[in-house]
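Q: below: sequence and its predicted model.
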Amino acid sequence: MSQESHGHGHHELSFWERYVFSVDHKVIGLQYLITSFLFLLFGFGLMMLMRWQLAFPGQPIPFFGHLFSPELAPNGVMSGEFYNSLGAMHGTIMVFLGVVPLGVGAYGNYLLPLQIGAPDMAFPRMNMMSYWLYLPGGILMLSSFLMPGGAAQSGWTSYPPLSIINPGQTVWLLSMVILITSSLLGSINFLVTSINMRAPGMTLGRLPAFCWAQIVTAVLLLLAFPPLEAASVLQLMDRVFHTSFYMPAGLVILGKTYAGSGGGQPLLWQHLFWFLAHPEVYVLVLPPMGIVSEIIANNTRKPLHGYKTLVGSMVAIGIMSFLVWAHHMFLSGMSPVLGNFFLVTTMIISVPSVAILTCLIFSLKGGSIRYNVPMLFALAFLPLFGIGGLTGLPLGLTVTDIYLHDTYYVIGHFHFVVVTGSIIALMGGVYYWFPKWYGRKMNDTLGLIHFWGSVVSMFGIFFPMLIMGLAGASRRLYDPTAQLHNLIVQPLNVVSTCFAYSLALFQLPFIYNFFHSMWAGEKTEENPWQATTLEWACPSPPPHGNFVKTPRVYRGPYEYTPHGRKADFWPQHEAN
Amino acid sequence: MAKHNAAHAHDVVHADHERPNVKLYLGIFAALMVLTGLTVFVSKFHLPRPQAIALGLLIACTKASLVGAVFMHLWGEKKMIHRFLYTAGFFGILMLIPITDFVLTDHQHIDHANVAAEHPDEGHEVESAGPSTINLEAKPAEAPKAEAAKPAKKAKAKAKGK
Amino acid sequence: MTTIAIENPDTHSGISNAKLGVWLFLASEVMLFATLFTTYIVLRMGSATWPWGWDALNVPLGTLNTVILISSSVTIVMAYARAHAKDLGGFRLWMMTTILLSFAFLVVKGFEYYGEFSKGIWPSTSVFYATYFTMTGLHGIHILCGIVVNVGLLIMSFNKESWEHPLFLGRVEGAGLYWHFVDVVWIFLFPALYLL
């Protein structure tokens, strides 16, 4: 497929071909990295606005209040619609424009071919197209802020009938279609590459856990996204062509009967949306688990505990993730019989999740732990993701979910898994692989400041939410003091807000560290962490084509402290 | 250049393509035409729905299998491709689960008389057989209470309805 | 060139990248159309009045389209057979026929839609018509994309280097796989909407 690229070896690439429309997976990976971090920052900014309103409802937003139009924030006080759009866009941007492109598009793209010993992805041009659908799709998504009536404001879940009549949703749906297409092309690429382009000797049983995580993730994206694409098209039809796929008969809005044919089913959207969105959360968490696996194995100087269990659990999670989606819908009015089915499957899926965490924790036992910056992030992942996972259990049990659904407990739960879980791991990965990407190390002191500041702040933001949720505070509530029972926990909102702003502050050393080290960081050699996997067997950064000679793989990925050898690691590609 | 040859070499070329069997293709074409005519002919009788669906599905599956097995070379294709299809088929069948939700629950029906009886003190904008009403102008203080009441009402109505 | 695969059964599936890629893409398309069929079933079950296909749609035109599309599946597999035999003229003839038949399909579909619009029937008219227009519309977009691919291959066959490229037959096969899939979708779509 890519063989028209004979030209690459023969002529000098232009600036556009080399840096903008590059077909080299490494350049594309870094494009994804920077772009997704920028989107993360933007989504974070939206949240900071929301947190002001939540901590000090009805008070004018400092500094920025007057920048917003009177419809959005009259007298600098955030309006309810604006709050809703901030909430919906924060969720959408963080999930679809931030974490997934970072975990899959950035880390997966850059590292998968290297770790399997391939010169590039199977379809380099399609890889380039994936990125160039992601960026415009993301920009289109953000442009909904400029739409008449405001940005999408029906939650990242876009439930009809509200999402059919609310402003901003059409652009949201269109960009979802573009983003899903980008993702589908990417997942096809990842799977063909993993199946067909491994170096000689790189059997499936010798693949690093990171690669397995990417493979399972790619399968999830391939099979789970199309239903959402179809469902989004149907919602677009409802909005633009006034069909009634999701609009029931006899709907009366603001005293007027909705002028549609009726006969639709709002709950159909919920089923179709969550059919994707549940596997989506495993897409959010599996690549970070892969990253943590790599960092832990490397910094304990011993093989991962239970490689087969770890990989098997990842595969099991992948399969089960398709069977649990309606645990997001226990209170939707759907059949209780179905509720029981999904309760059982949800309890089952917690088993492989715990298995993975257990393998990672047991990997620490007896290890010679090196407490460098990436390892700190990986270590922090373990208990914090554990809290996130455990807080999911009351949500998966129908009886307790009746009370906890749509409260701040849910928000606390998923932010623990995604922020203190996935994002912590994704940040740690930056410190770990930065030497490979740029041939230089990041500064350790700034890294320590970033780490401790971030972990403490994150905990400070989200732990109070668990308490608030147990007290019954509803989510998506523009004015938390509107519920009387919230008043007693309202101070916790202030606590969360303070830690949110401190989290913002502690990202500054990270941003500075990243860009400064790119130009002026301490130079490193090929394998500064003395790691065993293949990406460390080529120059830093790797040239076009990655390996001077196709590597041959002789052993598994975690041969640390092997018997009878002087060095405490035995790289996969070394013959003896 | 060597790196690109390596990329070439990773790709398997057409040496493994089977020899096309033209006679078979034409035979399948004839079969498909017959089946198409059959399915249209049978539908004219306007059979009762379950039978009509079963028969239509049967004929469609037969036609699809012929196209898949012969034209798409699935018969004799490597097992891995079959596995992809089984996987996709399995997850496609999972989509039946939403359908069972709609079988088990009637999402259009709320017994308003029942609701009124259960909540005599709450205001009734809704008549017994009236449409579902969304009042977007409710003040924020009221909205959460109304929202919280709705699922409870629905759940209660369902429990009563059963 | 198959030797790489035979030498390395542990690290290569034995199936070309392109073919593997197309089948994975088709797996995702299965999920896409499964969603649409699920929607159809759910909405039909929940609807008090769902018209009989013969009453609501133009069945003769739909049948004609079915015949056209199945024929185009045959012609594209014949194009593949000619490409396998390195018969340039034969390939071009059969591929051209496939493209013409595909256009014919779209033209007939256009007639159908025009007939419906002129009777004042739009997607918003009822859930049945919403489903009909959306599913056949999306299917039509897939046909259009297939035409683009097939035209592309036809044009490539006029370039000596492309025609003689070792991967060309694989490309024809890949295009054929996609086309047959579009045909299979119609095989289910036609009875579901028109006949039941």
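A: That came in fine, so what should we check first?

Q: I'd like to know how many residues surround the closest residue to A:P160 other than its chain neighbours.
A: Excluding the flanking residues, the one nearest A:P160 by C-beta to C-beta, 6 or more residues apart in numbering or on different chains is A:Y246, at 3.7 Å. Backbone N, C-alpha and C define where each C-beta goes, glycine included. Using other C-beta atoms under 10 Å in any protein chain shown, the number of residues around A:Y246 comes to 27.

Q: go on, A:G58?
A: Neighbour count for A:G58, taken as other C-beta under 10 Å: 10.

Q: how about the helices in chain C?
A: C:3-7, C:17-45, C:53-56, C:59-84, C:88-118, C:127-156, C:160-164, C:168-190 (DSSP state H).

Q: adding distance to A:P352, write these out as a markdown table.
A: Listed next are the helices of chain C as a markdown table, based on distance: least, C-beta to C-beta, whole Å:
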| stretch | distance to A:P352 |
| --- | --- |
| helix C:3-7 | 33 |
| helix C:17-45 | 23 |
| helix C:53-56 | 46 |
| helix C:59-84 | 42 |
| helix C:88-118 | 46 |
| helix C:127-156 | 36 |
| helix C:160-164 | 48 |
| helix C:168-190 | 33 |
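
Q: got a markdown table for the ones you listed, with mean pLDDT and mean neighbour count too?
A: What follows is these, written out as a markdown table (pLDDT from 0 to 100; neighbours: other C-beta atoms under 10 Å in any protein chain shown):
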| stretch | mean pLDDT | mean neighbour count |
| --- | --- | --- |
| helix C:3-7 | 52 | 15 |
| helix C:17-45 | 93 | 22 |
| helix C:53-56 | 91 | 16 |
| helix C:59-84 | 95 | 22 |
| helix C:88-118 | 96 | 17 |
| helix C:127-156 | 96 | 19 |
| helix C:160-164 | 92 | 12 |
| helix C:168-190 | 95 | 23 |
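
Q: let's have the ones you listed in a markdown table, adding distance to chain A.
A: Output for the helices of chain C, formatted as a markdown table (distance: least, C-beta to the nearest C-beta, whole Å):
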| stretch | distance to chain A |
| --- | --- |
| helix C:3-7 | 8 |
| helix C:17-45 | 4 |
| helix C:53-56 | 14 |
| helix C:59-84 | 17 |
| helix C:88-118 | 12 |
| helix C:127-156 | 4 |
| helix C:160-164 | 9 |
| helix C:168-190 | 8 |
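
Q: which one of those helices lies nearest to A:R475?
A: The closest of the helices of chain C to A:R475 is helix C:17-45. By C-beta to C-beta, the value is 28.0 Å.

Q: elements contacting that closest one?
A: Contacts defined by 3 or more C-beta pairs under 8 Å, 6 or more residues apart in numbering or on different chains; DSSP states H and E place helix C:17-45 against helix A:169-196, helix A:209-240, helix A:266-300, helix B:79-94, helix B:96-104, helix C:127-156, helix C:168-190.

Q: what pLDDT is listed against the residue of the stretch 451-576 of chain A found nearest chain C?
A: At 8.5 Å from chain C, A:V553 is the closest residue in the stretch 451-576 of chain A, using C-beta to the nearest C-beta. At A:V553, the model reports a pLDDT of 93.

Q: host element of the residue nearest to it when sequence neighbours are not counted?
A: Nearest residue to A:V553, sequence neighbours excluded (C-beta to C-beta, 6+ apart): A:G201, at 3.4 Å. Here A:G201, judged by DSSP states H and E, is contained in no helix and no strand.

Q: from chain B, how far off is A:G201?
A: Counting by C-beta to the nearest C-beta, to the nearest Å, the gap from A:G201 to chain B is 14 Å.

Q: near that residue, how many residues? Count them for me, please.
A: Neighbour count of A:G201, defined by other C-beta under 10 Å: 17.

Q: repeat that for the one 3 residues further on.
A: Residue neighbour count, defined by other C-beta under 10 Å, stands at 14 for A:L204.

Q: so what's it up against?
A: Counting by C-beta atoms under 8 Å, 6 or more residues apart in numbering or on different chains, A:L204 touches C:D10.

Q: what sits closest to A:P435 if chain neighbours are left out?
A: A:T524 (4.4 Å).

Q: so that neighbour sits right up against A:W536, yeah?
A: No. Using C-beta atoms under 8 Å, A:T524 is not in contact with A:W536; the gap is 10.7 Å.

Q: how close does the spatially most central residue of chain A sit to A:G312?
A: By C-alpha atoms, centre = their mean, the mean C-alpha position of chain A lies nearest to A:V99, the distance being 2.7 Å. Relative to A:G312, A:V99 is positioned 25 Å away (C-beta to C-beta, to the nearest Å).

Q: next: A:F44.
A: Separation of A:F44 from A:G312 (C-beta to C-beta): 36 Å.

Q: one more: C:G46?
A: 41 Å.

Q: and the two? which has more neighbours close in?
A: Taking neighbours as other C-beta under 10 Å, C:G46 and A:G312 compare with C:G46 leading, 20 against 15.

Q: surely that one meets A:G262?
A: No. Contact status for C:G46 versus A:G262: not in contact, 10.7 Å apart, counting by C-beta under 8 Å.

Q: returning to that earlier point: what about the residue of the stretch 451-576 of chain A closest to chain C, neighbour count?
A: A:V553 has 24 nearby residues by other C-beta under 10 Å.

Q: repeat that for A:L534.
A: When counting by other C-beta under 10 Å, one arrives at 28 neighbours for A:L534.

Q: hmm, it is touching A:Y554, no?
A: No. Using C-beta under 8 Å, A:L534 makes no contact with A:Y554, being 11.3 Å away.

Q: list the residues that contact both of those two?
A: Residues touching both A:L534 and A:Y554 (C-beta under 8 Å, 6+ apart): A:572-573.

Q: let me see the domain layout of chain B.
A: B:17-99, B:112-161 (automatic domain parsing).

Q: mean pLDDT lowest where, among those domains?
A: Mean pLDDT is lowest for domain B:112-161 out of the domains of chain B, coming in at a mean of 46.

Q: hang on, the earlier thing: which residue is the nearest non-sequential neighbour of the residue nearest to the centre of chain A?
A: A:L284 (5.2 Å).

Q: out of the helices of chain C, which comes closest to A:L393?
A: Closest approach to A:L393 among the helices of chain C is made by helix C:17-45 (29.5 Å; C-beta to C-beta).

Q: tilt between the closest one and helix C:127-156?
A: For helix C:17-45 against helix C:127-156, the angle by axes from the mean of the first three to the mean of the last three C-alpha atoms, to 10 degrees is 160 degrees.
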